[in-house]
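Trainee: here is the input, now give the coordinates:
(one chain, ligands or ions: 1)
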Amino acid sequence: MKNFNSLIEIQALIFENKITCETLIDYYLKRINKTKNLNVFIEVFSKEAKIRAKEIDKKIKRGSSGKLAGLVVAIKDNICFKNHKLSAGSKILNGFTSLFNATAVERLLNEDAIIIGRVNCDEFAMGSSNENSIYGPSKNPHNLKKVPGGSSGGSAAAVAADLCQIALGSDTGGSVRQPASFCGVFGLKPTYARISRYGLIAYASSFDQIGPIGKSVYDISIVTEIISGKDNMDSTSSSLKIDKYSTYKPQRKKLKIAFFEDYLNNLSLNTEIKSNFFELISKLKKDGHTVSSEIFPYSDIIVPCYYILTTAEASSNLSRYDGVNYGYRSSSSKDINSTFKNSRTEGFGEEVKRRIMLGTFVLSSGYYDAYYGKAQKIRRLIQNKTNEIFKNYDYLLMPTTPNTAFDIGIKHDDPTINFLQDIYTVHSNLTGHPAISIPIWKSKDNMPMGLQIMTSNFNEKNLFSFSEFLMKFKH
Ligand code: GLN
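Mentor: So this is what the prediction gives:
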């Protein structure tokens, strides 16, 4: 067995009777066993994955298998899988078992994908390094001293280490794209509302989207096609028709591409990433595309705006964890008030508590207008400006992250240093536009560096076409 680049290769071998789902599962289980040091899987569903593989092999023989037969998937520990444990990397969900499938999971299963396990993430998807997980950080398969990124760090590391073919993550401010960039794989944040959020543990509901992480554009496209679409369980999901994403072709026409000079002048941007970016711009120009620098007047306030709005939403969403209905309950509680207080104090980690407090503060009377209200207005300005860009341009390019994966264990006295790492990714969550990170570059010390492409709403198919085209500039 080898590290397959795409589901196309896997299915070709399956239908030529050269491999079976059963042998595939054995292969991944062995690899998972051998790479426990990566701390990627929180739970491996070995037994049931084997049983399901056998059933799907039978369906393949009968000619009645689904579109994803042969696809082995890992899911982030904040996506519900019926009758399986789920913790969002937190102590507060200790012992919790999901009673239903997330819609995305249900749709994968309906097409015969096999879910092999749940993978590590930052607590409640808050973080950029996976270090905020109760289980400790996953490691970056390219360098074990480095973080895999976050919050979907386990998902990206699982794909990069070939422990599955695809992983689902969630992206509120970059949590699919940033770890994809750090681990050298593809990661998509779809248009807001494209994929149902039903069964995704909420962080900031007007930002959250489930997104796939994979080894090829094709794999990302087919999974997006299957899991997208209207869902009555999520009233914000869009009823817009789903394109046949997986039939995308590499882009051929001459394009109009924009980038924001202000983003590239950011002082924290790694010089290698910057020079690779400008080298790509000149290659695209030589190739006959129009590439222009545009002014984006909000680059300084985009990160604060994101952190005000997401923490506000988080403080409301996370109020349901009270030690009463489910999950962890403090044993030192005497009455209802001390149950709430002690369970939440002991059950949540430091970063989550920081964000609940920040969010409660920006929503509190007297500060609401100054912070939350103002940030909402800024969000609208950012959306308007970005929509204007897409009236004139096909795509917007920027690095996915200002730096490559950093070392595990770096402690900052000031938490906003970590927040600033999200400068390029939070943009599309604030506006709702789709964005993908593609693994196009490697640094001198052999660490992956991703390029991010944004486009207009519900234009995922063209995003895939352009991604495939750009991969010819990979180096
Ligand atoms: N790093 C960002 C944060 O900590 C992104 C999180 C996410 O997308 N879930 O909020």
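Trainee: is the closest residue to the ligand within the chain in a helix, a strand, or coil?
Mentor: The chain approaches the ligand most closely through Ser175 (2.9 Å), counting by Cβ to the nearest ligand atom. All C-beta spots, glycine's among them, are computed from the backbone N, C-alpha and C. Following DSSP: H, G, I helix; E, B strand; the rest coil, Ser175 is assigned to coil.
Trainee: what sits against it?
Mentor: The contact partners of Ser175, by Cβ atoms under 8 Å, 6 or more residues apart in numbering, come to 121-122, 125, 128, 150-152, 169.
Trainee: closest to Gln251 out of those residues?
Mentor: Gly169 (25.5 Å; Cβ to Cβ).
Trainee: ramachandran coordinates for the closest one?
Mentor: Phi and psi for Gly169, reported as degrees, to the nearest 10, are phi -130, psi -170.
Trainee: tell me the secondary structure for Asp231?
Mentor: coil.
Trainee: just checking, it touches Tyr198?
Mentor: Yes. Using Cβ atoms under 8 Å, Asp231 is in contact with Tyr198, at 5.7 Å.
Trainee: which neighbours do the two share?
Mentor: Between them, Asp231 and Tyr198 share the contacting residues 103, 237, judged by Cβ under 8 Å, 6+ apart.
Trainee: pick out the residue nearest the middle of the protein.
Mentor: Nearest to the geometric centre of the chain sits Val176, at 1.9 Å (Cα atoms, centre = their mean).
Trainee: who's in contact with Pro190?
Mentor: 209-211, 224, 228, 434, 460.
Trainee: and if we set it to 6 Å?
Mentor: With contact taken as Cβ atoms under 6 Å, 6 or more residues apart in numbering, Pro190 is in contact with 209, 211, 434.
Trainee: for the first one, give its distance to His475.
Mentor: Read that as Gln209. In this view, Gln209 and His475 are 30 Å apart by Cβ to Cβ, to the nearest Å.
Trainee: residues of the stretch 51-200 of the chain that sit close to the ligand?
Mentor: For the stretch 51-200 of the chain, the contact set with the ligand under Cβ under 6 Å from any ligand atom comprises 125-128, 151, 170-175.
Trainee: I'd assumed Phe45 was in contact with Gly117.
Mentor: Yes. Counting by Cβ atoms under 6 Å, Gly117 touches Phe45, with 5.3 Å between them.
Trainee: more neighbours: those two, which one.
Mentor: Gly117 (27 against 21; other Cβ atoms under 10 Å).
Trainee: residues touching the more buried one, list them.
Mentor: By Cβ under 6 Å, 6+ apart, Gly117 lies in contact with 41, 43-45, 74.
Trainee: excluding chain neighbours, what is closest to it?
Mentor: Spatial nearest neighbour of Gly117, chain neighbours left out: Val44 (4.1 Å); criterion: Cβ to Cβ, 6 or more residues apart in numbering.
Trainee: kindly state the pLDDT recorded for that neighbour?
Mentor: Val44 carries a pLDDT value of 98.
Trainee: quick one: contacts for the residue nearest to the centre of the chain?
Mentor: 152, 169, 187, 189, 211, 213.
Trainee: just confirm the last one is within a strand.
Mentor: Yes. The assignment for Ile213 is a strand, going by three-state DSSP.
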